[in-house]
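Provided below are the primary sequence and the corresponding predicted coordinates.
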Amino acid sequence: MEIERIKTYVHGLDGHIEGGIPKGSISLICGTPGTMKSSLAYSILHNNAVKDGIKGFYVTLEQEIKSLRQQMEKLKMREIEAVEIVDFDTMMKKIERKPDTNWIQRVGGFVKSAGKERGCELLVIDSLNALYSLTNIENPRREIYHLFKTLRETGMTCLLVSEISPGKAGFSHHGVEEFLADNIIHLDFEKKGGILSSLERYIGIVKMRATNHDTQYFPILYLKDKFTVFGREELELE
Ligand SMILES: Nc1ncnc2c1ncn2[C@@H]1O[C@H](COP(=O)(O)OP(=O)(O)OP(=O)(O)O)[C@@H](O)[C@H]1O
Ligand SMILES: [Mg+2]
């Protein structure tokens, strides 16, 4: 049976991942500071809303709504009703406060009911690291397993932003997330060019379950109003 997919709308990428990210799966969007994790996550929601009418829910625990919106406007992604952004303060007002649940469970429960209520198919949590900082995690493997289980129950396609500290191996804070996630989308950059050096950005699909994906680390640029990658074929032509 053909797997349904959500397009990334990163120009040139979907053709290398059988058309998109499997619907209902959980992806880590990971990278060191400034690798455009938030921009990529937002652009997937924005483009799916604009082009396919798919509703998205963006939980920003790092940045306030205003700052995130300003940043996305700079990237020519205008505010759109079908993408709802909630930040920590808005979430705090709406969250269910049961005495025996911790923050991770509360946030899991919140996105589950909010997503269902609004008919959202796409969810971003930006970032997992910020979510962890809200609570004392005694048993990361168990807590994160339960979070992922709750997220799967939502049926939404989930994009979880995962911050990597420079120089640290792996793709997530606790090291278990990368095994629990279905997909790992890695953003990276490299200094190139000697005396006139500049940063070159890359995107790599480290894993994507149920997908015959390309393993190239694609050069990625934000051009005009969208991300664009360059495959081997295009690079050889230049
Ligand atoms: N058009 C562009 N092309 C390339 N890079 C850009 C462009 N516009 C912004 N940037 C860079 O992207 C950075 C912001 O991207 P974003 O906030 O999505 O990254 P992030 O990985 O989420 O960062 P953080 O780790 O701080 O959360 C800016 O600080 C800037 O360096
Ligand atoms: Mg960010």
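Looks like it came in fine. Since we're looking at a predicted model, the values are computed, not measured. Ligands and ions are numbered 1, 2, ... in the order given.

Quick check: residues of the chain near ligand 1?
31, 33-39, 62, 163, 222 (C-beta under 6 Å from any ligand atom). C-betas here are computed from N, CA, C, even on glycine.

5 Å instead, please
Applying C-beta under 5 Å from any ligand atom, we find that the chain lies next to ligand 1 at 33-39, 222.

Please pick the buried ones from the residues you listed.
35-39, 222 (16 or more other C-beta atoms under 10 Å).

And the closest residue to residue 174 other than its chain neighbours, its phi and psi?
Among residues not flanking residue 174 along the chain, residue 140 sits closest, at 4.2 Å (C-beta to C-beta, 6 or more residues apart in numbering). Here is the backbone geometry of residue 140 (degrees, to the nearest 10): phi -50, psi -40.

Please, where are all the strands along the protein?
5-6, 21-22, 26-31, 56-60, 83-87, 122-126, 157-163, 183-192, 198-208, 217-223, 226-229 (DSSP state E).

Compare the ones you listed and give me the one nearest residue 76.
Nearest to residue 76 among the strands of the chain is strand 226-229 (8.4 Å), distances taken as C-beta to C-beta.

Name the residues that touch the closest one?
Contacts to strand 226-229, defined as C-beta atoms under 8 Å, 6 or more residues apart in numbering, come from residues 9-13, 16, 39-40, 43, 47, 203, 218-222.

6 Å - rerun?
By C-beta atoms under 6 Å, 6 or more residues apart in numbering, the residues outside strand 226-229 that reach it are 10-13, 218, 220-221.

what's the distance between the residue positioned nearest the centre of the chain and ligand 1?
Nearest residue to the geometric centre of the chain (C-alpha atoms, centre = their mean): residue 159, 3.5 Å. Applying C-beta to the nearest ligand atom, to the nearest Å, the value for residue 159 to ligand 1 is 12 Å.

what do you get for residue 107?
The value you get for residue 107 to ligand 1, if C-beta to the nearest ligand atom is used, is 18 Å.

Tell me which residues touch that residue, please.
By C-beta under 6 Å, 6+ apart, the residues touching residue 107 are residue 131.

try it again with 10 Å
Taking C-beta atoms under 10 Å, 6 or more residues apart in numbering as the criterion, residue 107 is in contact with 59, 61, 88, 91, 95, 101, 125, 131, 134-135, 147, 150.

how many neighbours does residue 78 have?
The local packing of residue 78 (other C-beta atoms under 10 Å) involves 11 other residues.

Going forward, the N-terminal residue is numbered 58.
Will do, 58 is the new start, and the previous item becomes residue 135.

from memory it sits against residue 127, does it?
No - Residue 135 is not in contact with residue 127 according to C-beta atoms under 10 Å; the separation is 11.6 Å.

for residue 84, what are its contacts?
Residue 84 neighbours (C-beta under 10 Å, 6+ apart): 63, 65, 78, 98, 101, 181, 214-219, 238-242, 262, 264-266.
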